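Undergrad: structure of the sequence below:
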Amino acid sequence: MRVPDEGHTPVVDAAADATVGTATPGRRERNKRDKQSRILAAAEDLFADRGYASVTTQDIADRADVAAGTLFRYATSKPELLLMVFNEEWRRALNPSRRDAAAADAPVTPTDAIMDLLLPLLRSAARHPENTAYYQREILCGEPTGAYRIEALELADGLEAAIATVLGGYGRPAAEGPERLRPGVDPALAARSIFSLLNLALIRCGLGREPMENLPDALRSEIDLVLHGIVERVPAHPAEA
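TA: Below you'll find the model as predicted:
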């Protein structure tokens, strides 16, 4: 990763700094938003075209027409730039589904309802599997204080909550449908398990260990396994006389 030279102040930023005292707050805020939008668009385009590993922060700065020092004011590292881009991608993919998930009253199985929630996200991941794997890795192991990693964790919490809402709808006594949540099951704990499956499945596909086109069916099977379990109670044999 290229970093700005110490002591170097880009001409563009120097000129901008000279006007700070005279610019109105509204103008400064518009300039900030404009630069952030250009950086986001540049990072999104370059990551999509070349892949995360092949793009440098200098490439993004050049595409956004900002100095490298300016770039690092909006995202402190290349991983944070990836998080910035994919947070927007996840938000676009998940928001419509979350509104639908809140009802959770359709007469379908819990597995089907959860897959309906996740499918827009899976389609998004399928467009850039390698970048998605890097994104999942940064969610798990990224810089703890990074602003965009914190935002990504909040998105993950929101997705878990949406899954829990779906499952909670099947726990009501009056719930209609082919299946009902077993009494005593914590929907939030089950949602955490399902999110973990999603996270690992996206990484597995991004690393090429499983074709991305297999992901929906494979994830459906894994979710079904979590919801229905893998063991059964063995009837006790009567004691021999």
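Undergrad: tell me the secondary structure at Arg209.
TA: coil (DSSP: H, G, I helix; E, B strand; the rest coil).
Undergrad: which positions within the strand or helix carrying Leu122 qualify as buried?
TA: Here Leu122 sits within helix 110-127, counting by DSSP states H and E. For helix 110-127, the neighbour count (16 or more other C-beta atoms under 10 Å) marks 110-115, 117-118, 120-122, 124-126 as buried. (C-beta placed from N, C-alpha, C; glycine too.)
Undergrad: next helix or strand past it?
TA: Stepping forward along the backbone from helix 110-127, the first helix or strand reached (DSSP H and E) is helix 129-141.
Undergrad: what angle do that next one and helix 110-127 make?
TA: For helix 129-141 and helix 110-127, the angle between their directions (axes from the mean of the first three to the mean of the last three C-alpha atoms, to 10 degrees) works out to 110 degrees.
Undergrad: and helix 129-141, what does it pack onto?
TA: In terms of contacts (3 or more C-beta pairs under 8 Å, 6 or more residues apart in numbering; DSSP states H and E), helix 129-141 is packed against helix 78-101, helix 147-169, helix 187-206.
Undergrad: what's in contact with that helix?
TA: Residues from elsewhere that reach helix 129-141 (C-beta atoms under 8 Å, 6 or more residues apart in numbering): 47-48, 51-53, 79, 82-83, 86, 124-125, 149, 152-153, 156, 199, 202-203, 205-207, 212.
Undergrad: circling back: closest to Leu71 among the buried residues of helix 110-127?
TA: Closest approach to Leu71 among the buried residues of helix 110-127 (C-beta to C-beta): Ser124, at 24.8 Å.
Undergrad: just give the nearest non-adjacent residue to that closest one, would you?
TA: Spatially, and ignoring its direct neighbours in sequence, Ser124 is nearest to Ala93 (4.4 Å; C-beta to C-beta, 6 or more residues apart in numbering).
Undergrad: ok, now how distant is that neighbour from Tyr74?
TA: Here the criterion is C-beta to C-beta, to the nearest Å. By it, Ala93 lies 23 Å from Tyr74.
Undergrad: give me the nearest residue to the residue nearest to the spatial centre of the chain, chain neighbours excluded.
TA: Nearest residue to the geometric centre of the chain (C-alpha atoms, centre = their mean): Trp90, 4.8 Å. Nearest residue to Trp90, sequence neighbours excluded (C-beta to C-beta, 6+ apart): Leu155, at 5.4 Å.
Undergrad: same check on Met84?
TA: Going by C-beta to C-beta, 6+ apart, Met84 has Tyr148 as its nearest residue, at 4.7 Å.
Undergrad: run through the residues that contact the one you found.
TA: When the contact criterion is C-beta under 8 Å, 6+ apart, the partners of Tyr148 are Ala75, Glu80, Leu81, Leu83, Met84, Asn87.
Undergrad: contacting residues for the last one?
TA: Residues in contact with Asn87, defined by C-beta under 8 Å, 6+ apart, are Tyr148, Glu151, Ala152, Leu155.
Undergrad: domain map for this protein?
TA: When the chain is parsed with automatic domain parsing, its domains come out as 12-74, 78-228.
Undergrad: need those domains in TSV (columns: distance to Val234 and mean pLDDT).
TA: Supplementary listing: those in TSV, determined by distance: least, C-beta to C-beta, whole Å; pLDDT from 0 to 100:
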stretch	distance to Val234	mean pLDDT
domain 12-74	49	83
domain 78-228	17	86
